[in-house]
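Asks: just the structure for this:
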Amino acid sequence: MIHIDGSYGEGGGQILRTSVALSAVTGKAVTITDIRSNRPKPGLSAQHVKAIETAAMICDATVEGIDIGSTAITFSPQEMKGGYYNIDIGTAGSIALLLQCIMPAAAYSETEIELRITGGTDVSWSPSIDYLNNVTLRAISEMGYRCNIDTRKRGYYPRGGGVVHATISPSKLRACDFSEKVRKAKDRKVTGISHCSNLPEHVAQRQADSARDIIEKAGYECHIDTECAEYPSTGSGITLYSGMKGAYVPGKRGLPAEKVGSKAATELLSELSSNSSVDVHLADQLIPYIGLTKGGSFTVREVSSHTSTNISVTEQFLDVKFNVQKKEDMMEISVA
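Replies: From the prediction side, this is the model:
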């Protein structure tokens, strides 16, 4: 039994998601205590409960303490199994974060896993589903990960109602030197998706125009698709990406569409100005996969608390040790 302190480091839901994912992969039972103890509302939220329940289904695990508000759980996995699962988070809880919890384990199933997930696709404090599909998935596909993500409906806070269909195939993960991959594929192109639901079409267009203006003035070629629809929930957002770097900004009541677009462009350009191979958000997501392959490396402009926390959790489950060292104006992370 592995014991994880849920208040360590970043102290949020990420410790929970990574611990459950690696427990399912390794077959090692885990007890997590002091879950989100430093948050305004400590313990499990509805989206955490649903992520754990889904992970338990795909590896036939027994779980104790899985209630909203619970600050301690025990997760005891058995055998991975494929199949079709219909998951409704029940709120605008992040579909991308639920998938983060499921994806490392699903790669080790002997048969395909299909998930139909209802919840939030574009919400605050989470990667957008477009970021997951165009940045995260692009990176881990270089490691042999096989997955298809299809966004059927977008879901915004507070109503949710977004629908995503994910198909994850058994995968043989391999080590990858991301710095070398990026060096060979480096270009000056930025792509993006600007979208809105139950709002005038010009909202998505203004977000896109504002972002494009800033990016093109910085010397990049830029193409941003716009999408305007009538989904169950109302909202907007924009995701931009180039290679293995991205930026997502959700729309917000009272925040002009131009500022949504300009903020996303500025955030992405701050990443592109660095010679690092991945952005600060992708860095923490890659840690479990690099641990599982026991090899590979990447550079990032700075090591976030999320990345440091994921390193600590991953080292407790896997027989690996991460090296973190300064390299020019970046940080290089690799497996010893």
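Asks: what about F178, how many residues nearby?
Replies: 25 (other C-beta atoms under 10 Å). C-beta: built from backbone N, CA, C; applies to glycine.
Asks: kindly check the end-to-end length of stretch 148-158 for me.
Replies: One end of stretch 148-158 to the other measures 27 Å (C-alpha to C-alpha, to the nearest Å).
Asks: contact partners of that stretch?
Replies: With C-beta atoms under 8 Å, 6 or more residues apart in numbering as the test, stretch 148-158 has contacts from 91-92, 95, 99, 118-124, 129-130, 132-133, 137, 161-167, 195, 197, 229, 231-237, 250-251.
Asks: show me where the stretch 51-200 of the chain has its helices.
Replies: 95-106, 129-131, 137-141, 178-185 (DSSP state H, counting those that start in this stretch).
Asks: for M244, which of those helices is the nearest?
Replies: Among the helices of the stretch 51-200 of the chain, the nearest to M244 by C-beta to C-beta is helix 137-141 (5.0 Å).
Asks: and the closest one, what does it pack against?
Replies: strand 146-153, helix 280-293 (3 or more C-beta pairs under 8 Å, 6 or more residues apart in numbering; DSSP states H and E).
Asks: to L272, which of those lies closest?
Replies: Closest to L272 of the helices and strands packed on helix 137-141, according to C-beta to C-beta: helix 280-293, at 12.6 Å.
Asks: check contacts around Y145.
Replies: Counting by C-beta under 8 Å, 6+ apart, Y145 has contacts M103, A107, L137, S171, L173, Y289.
Asks: between these, which is nearest Y220?
Replies: Nearest to Y220 among those, with distances taken as C-beta to C-beta, is L137, at 22.1 Å.
Asks: who does the closest residue in space to that closest one that isn't next to it in sequence bridge with?
Replies: Excluding the flanking residues, the one nearest L137 by C-beta to C-beta, 6 or more residues apart in numbering is C147, at 6.0 Å. Beta-bridge pairing of C147 under DSSP bridges involves I168.
Asks: I2 too?
Replies: On the basis of DSSP bridges, I2 takes part in beta bridges with V30.
Asks: relative to G27, how far out is it?
Replies: 11 Å (C-beta to C-beta, to the nearest Å).
Asks: which among the contacts of stretch 148-158 end up buried?
Replies: 91-92, 95, 99, 118-123, 129-130, 132-133, 137, 161-164, 166, 195, 197, 231-237, 250-251 (16 or more other C-beta atoms under 10 Å).
Asks: circling back to that earlier point, let's have the helices of the stretch 51-200 of the chain in a markdown table, adding mean pLDDT.
Replies: Shown next, in a markdown table, are the helices of the stretch 51-200 of the chain (pLDDT from 0 to 100):
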| stretch | mean pLDDT |
| --- | --- |
| helix 95-106 | 96 |
| helix 129-131 | 98 |
| helix 137-141 | 97 |
| helix 178-185 | 69 |
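Asks: just so I know, which of those helices lies nearest E267?
Replies: Across the helices of the stretch 51-200 of the chain, closest to E267 is helix 129-131 (C-beta to C-beta), at 11.4 Å.
Asks: name the residues that touch the closest one?
Replies: 95-96, 121-122, 149, 151, 154, 162, 164, 193, 239, 241, 246, 248, 281.
Asks: out of those, which comes closest to G11?
Replies: The nearest one, if we look at the contacts of helix 129-131 relative to G11 and count by C-beta to C-beta, is H281, at 17.6 Å.
Asks: need the contact list for the closest one.
Replies: P127, Y131, V135, G246, S304, H306.
Asks: most surrounded residue in these?
Replies: Per-residue neighbour counts (other C-beta under 10 Å) across these peak at G246, which has 29 neighbours.
Asks: that one belongs to a helix?
Replies: No: counting by DSSP: H, G, I helix; E, B strand; the rest coil, G246 is not part of a helix but strand.
Asks: ok, so what distance separates the nearest residue to it once chain neighbours are set aside from T91?
Replies: In this structure, G246 finds its nearest non-sequential neighbour in V135, 4.0 Å apart by C-beta to C-beta, 6+ apart. Separation of V135 from T91 (C-beta to C-beta): 25 Å.
Asks: for A21, same thing?
Replies: A21 is 21 Å from T91, by C-beta to C-beta.
Asks: quick one: least confident helix or strand in the chain?
Replies: In the chain, no helix or strand scores lower on mean pLDDT, DSSP states H and E than helix 178-185, which sits at a mean of 69.
Asks: any idea how this protein splits into domains?
Replies: Domain assignment for the chain, taken from automatic domain parsing, gives 1-78, 82-175, 179-272, 274-336.
Asks: what's the first-to-last distance across the last one?
Replies: Terminal residues of domain 274-336 are spaced 25 Å apart (C-alpha to C-alpha).
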